[in-house]
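S.K.: Quick one: sequence and predicted model below, then my questions.
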Amino acid sequence: MKLWFPAGSLAMLAVVVLTAGSPNLPNLPNLEGAPLADTISIASLNLDHEASFEKVVHVVEAAPRLRQADIILLQEVAHVEGGPSIASRLADRLGYQVAFAPEGPKIYDRGLAVVSKFPIEDSKVEWLTPYNLHFKTRHRFALAVTLRVPAGELRIWNAHLDTRINPEQRLGQLQPVMDEAAKLTGPRLIGGDFNTNDFYWIDHVLPIPHGGGYRSTVRRAMAQLGFQTPFADQLVTLPVVRQHLDWMFVKGMEPLSSNVEPISFSDHHAIWAAFRLAR
């Protein structure tokens, strides 16, 4: 999701961008060769409201980490009224299954989806804690799905959180998902666009650079529940302002490798990881 800044903050943002170091894309290990029988690969991407299926499928098919992923989490998914979503058309193209949910009636470009090589046994929308952001307020939600994978059941929550909130509010928004995940057993993944930008927001409007502490706050909270992530805090997934917004946290799954995949039509990079599931 794009960050929004009032006019008075643009100069401040320019200073932050111009004085930041070079883009930090760590050389994370790759899983070379054919995947092992007990591993699965998962990608996550914010589609940035892209409504052209031809553009989306061209980029996905040209990106091996996306084309070969067993599961893809998608945010800001567009659809047409009475017609299929971009995610549904992508699933058809790949021969995969799909679970899709729009943000609400008459909203056609902010859906969530899970595209899966494995059977989808159930899916449901879980509404997250709302905040009044004064303008462009959205009712955030997570799409929860259960997949039948070779190791058994895998529960996934694909979430998209608000941008202009601070660390404790961010945890509060995600709390319904965290509470449900803590009650379950077996392999679990909480991922998506968490919008963990490095700004402190005054009254949800004015950004103060380098004051958020989002990444460490979210990571600590997830670790207390026994969830880990293969992604380093300094990873860049929003290159325009060099922020790490996109995540996967897992439990009952061993991370093997991870990386990012630049996407030409989106303001986000895709993230990708391979995991071994505990049986």
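M.R.: Ah, there it is.
S.K.: what comes into contact with stretch 116-131?
M.R.: Contacting residues not belonging to stretch 116-131 are listed as 40, 70-72, 91, 94, 96-99, 101, 114, 137, 139-149, 153-154, 157, 159, 161-162, 165, 169, 172-177, 180, 204 [Cβ atoms under 8 Å, 6 or more residues apart in numbering]. C-beta here means a position set from N, CA and C on the backbone, and glycine is covered the same way.
S.K.: Spell out the secondary structure type for L143.
M.R.: strand (DSSP: H, G, I helix; E, B strand; the rest coil).
S.K.: still on that earlier bit, among the contacts of stretch 116-131, which ones are buried?
M.R.: By neighbour count, with 16 or more other Cβ atoms under 10 Å, these hold 40, 70-72, 91, 94, 96-99, 101, 114, 140-147, 149, 154, 157, 159, 161-162, 165, 169, 173-174, 176-177, 180, 204 as buried.
S.K.: Just the ones of the residues you listed in helices?
M.R.: A91, L94, Q169, Q173, L174, P176, V177, E180 (DSSP state H).
S.K.: Just give me the least confident of these.
M.R.: Least confident entry in these, by pLDDT: Q169, with 93.
S.K.: Quick check: the residue nearest to that residue when sequence neighbours are not counted vs W201, distance?
M.R.: Of all residues not flanking Q169 in the chain, Y131 sits nearest, at 6.2 Å (Cβ to Cβ, 6 or more residues apart in numbering). Separation of Y131 from W201 (Cβ to Cβ, to the nearest Å) stands at 10 Å.
S.K.: Touching both of these two, which residues are there?
M.R.: Here Y131 and W201 have I165 as joint contacts, going by Cβ under 8 Å, 6+ apart.
S.K.: Low-confidence stretches in the stretch 151-279 of the chain?
M.R.: 211-213, 279 (pLDDT under 70).
S.K.: my bad, the stretch 1-150 of the chain
M.R.: Across the stretch 1-150 of the chain, residues meeting the criterion (pLDDT under 70) sit at 1-37.
S.K.: Mind jotting down where the strands sit in it?
M.R.: With strands called from DSSP state E, counting those that start in this stretch, the stretch 1-150 of the chain shows them at 39-46, 71-77, 97-101, 111-116, 120-127, 141-149.
S.K.: Tell me what the residue nearest to I71 when sequence neighbours are not counted is bridged to.
M.R.: Nearest residue to I71 in three dimensions, chain neighbours excluded: I42, at 4.5 Å (Cβ to Cβ, 6+ apart). Judged by DSSP bridges, the bridge partners of I42 are I71, A273.
S.K.: from what I can see I42 touches F275, true?
M.R.: Yes: using Cβ atoms under 8 Å, I42 is in contact with F275, at 6.9 Å.
S.K.: wait, H139 sits on P105?
M.R.: No: assessed by Cβ under 8 Å, H139 is found out of contact with P105, at 11.3 Å.
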